[in-house]
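Participant: The following block contains a protein sequence and its predicted model.
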Amino acid sequence: MKKLVFCIGAMLIAATGFTQNKSLIHQEVNDNRANVEQLSQGDFYNFSKVDQVGYMNTADVDQIGENSSIVTQRWGHNIAKVDQKGGTGMSGTAIMQESTIFQTGVYSVADVLQRGNGNKSIINQNNEIMIGTKGNYAFVEQYGRENFSKVEQMNDANLARTTQQGHGNKSLTDQTSDMLSPSIIPSHFLQRSIVGQTGEFNYSRVTQNGDNNLSTITQDALCEGSAGDPWTNEALVLQTGELNFSSINQMDAPLHDANNYAKVTQTNDLGINALGNDSKITQIGCNIAKVTQVNGQLVP
């Protein structure tokens, strides 16, 4: 009987030898709070690192499966929340769910929700100049497997929301506000980017500089990309200046070929006749659209 108990105990140790949870939390001055809850039932362990320096920082991490999360907040009213489940790749190899959040400055909020396998999210927000008090807000929601999202926001009052469902989708968002003019966007943010991708192998890249730029991208790809081009739908938006607006909607149905491509470049130099650029593209099946707009007059 003792030998049987010993054998069972040895089996349990061997079975859980690769299942490890590891959490490192470093907090310094004032009201820093971190709550980490991890549950791992696979061959790989959960890993969470929270580093907060400053005042009134809050980080909440909840992980189930083969996940990894790193949250770094430096000072001032930063909030980060990570919720991950899953983590094993569909191909049989272990592909972890990963979330990395870096927030420097004040009044930045980052929220990441990932379900599925092998999704990766990177958020980098910087508001060190402390001119505005709204801060940056980034929300990433990913379902499926092997989706990638990267959001980088500089200065104050930037908003980025990324939603991806399916397989192999990639979204890149880079926003910088110069805070030279008041916000006219209904949400009172200076920059706003909303990206929604559903299906397989959608690619989206948004770069906005200045104030009051708004970009909305919705892509639905039901077919995989060709061998020459890994992306099914691809949208690139680059806006610099004031009052630029771009909306891209690309669809791919079973009876249509893949690889829709849309590229929008808008530049509006602030001047006496600067009225803003506006571009809207809607494509269904095997389309290519390129728009380049320059508006405004430089002030000598």
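Facilitator: Sure, I can see it. Residues are numbered from 1 along each chain as shown.
Participant: which stretch of helix or strand covers residue 31?
Facilitator: Using DSSP states H and E, residue 31 falls within no helix or strand.
Participant: so who does the closest residue in space to it that isn't next to it in sequence touch?
Facilitator: Take residue 31 and drop its neighbours on the chain: the residue closest to it by Cβ to Cβ, 6 or more residues apart in numbering is residue 56, 4.8 Å away. Where you see a C-beta, it was placed from the backbone N, CA and C, and this is true even at glycine. Residues near residue 56 by Cβ atoms under 8 Å, 6 or more residues apart in numbering: 30-32, 76-77.
Participant: Torsion angles phi and psi at residue 56?
Facilitator: Main-chain dihedrals, residue 56, degrees, to the nearest 10: phi 60, psi 40.
Participant: Near residue 213, how many other residues are there?
Facilitator: Applying other Cβ atoms under 10 Å, we find 31 residues neighbouring residue 213.
Participant: just checking, it touches residue 264?
Facilitator: No. The criterion here is Cβ atoms under 8 Å, and residue 213 misses it with residue 264 at 11.4 Å.
Participant: got any residues that touch both of those two?
Facilitator: Joint contacts of residue 213 and residue 264 (Cβ under 8 Å, 6+ apart) are residue 239.
Participant: all strands of the stretch 101-250 of the chain, in order?
Facilitator: 109-117, 120-127, 137-145, 148-154, 158-167, 170-176, 191-200, 203-211, 213-221, 233-242, 245-252 (DSSP state E, counting those that start in this stretch).
Participant: With distance to residue 25 and mean pLDDT as added columns, please give those strands in TSV.
Facilitator: Output for the strands of the stretch 101-250 of the chain, formatted as TSV (distance: least, Cβ to Cβ, whole Å; pLDDT from 0 to 100):
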stretch	distance to residue 25	mean pLDDT
strand 109-117	17	91
strand 120-127	19	92
strand 137-145	22	93
strand 148-154	24	94
strand 158-167	27	93
strand 170-176	29	94
strand 191-200	31	91
strand 203-211	33	90
strand 213-221	36	88
strand 233-242	38	86
strand 245-252	41	85
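Participant: Tell me which of the ones you listed sits nearest to residue 71.
Facilitator: The minimum distance between residue 71 and the strands of the stretch 101-250 of the chain falls on strand 109-117, with 8.2 Å, by Cβ to Cβ.
Participant: Okay, now the unreliable bits of the stretch 1-150 of the chain?
Facilitator: Counting by pLDDT under 70, the stretch 1-150 of the chain has low-confidence residues at 1-19, 41-44, 87-95, 128-133.
Participant: so which strand or helix has residue 50?
Facilitator: Applying DSSP H and E, one finds residue 50 within strand 46-52.
Participant: which helices and strands does that strand pack with?
Facilitator: Packing partners of strand 46-52 (3 or more Cβ pairs under 8 Å, 6 or more residues apart in numbering; DSSP states H and E): strand 21-27, strand 33-39, strand 58-65, strand 67-73.
Participant: follow-up on the earlier one: which member of the contacts of residue 56 is positioned nearest residue 232?
Facilitator: Nearest member of the contacts of residue 56 to residue 232, counting by Cβ to Cβ, is residue 77, at 40.0 Å.
Participant: and stretch 46-62, which residues are buried?
Facilitator: 46-54, 56-62 (16 or more other Cβ atoms under 10 Å).
Participant: which residues does residue 291 form a beta bridge with?
Facilitator: Taking DSSP bridges as the rule, residue 291 bridges to residue 264.
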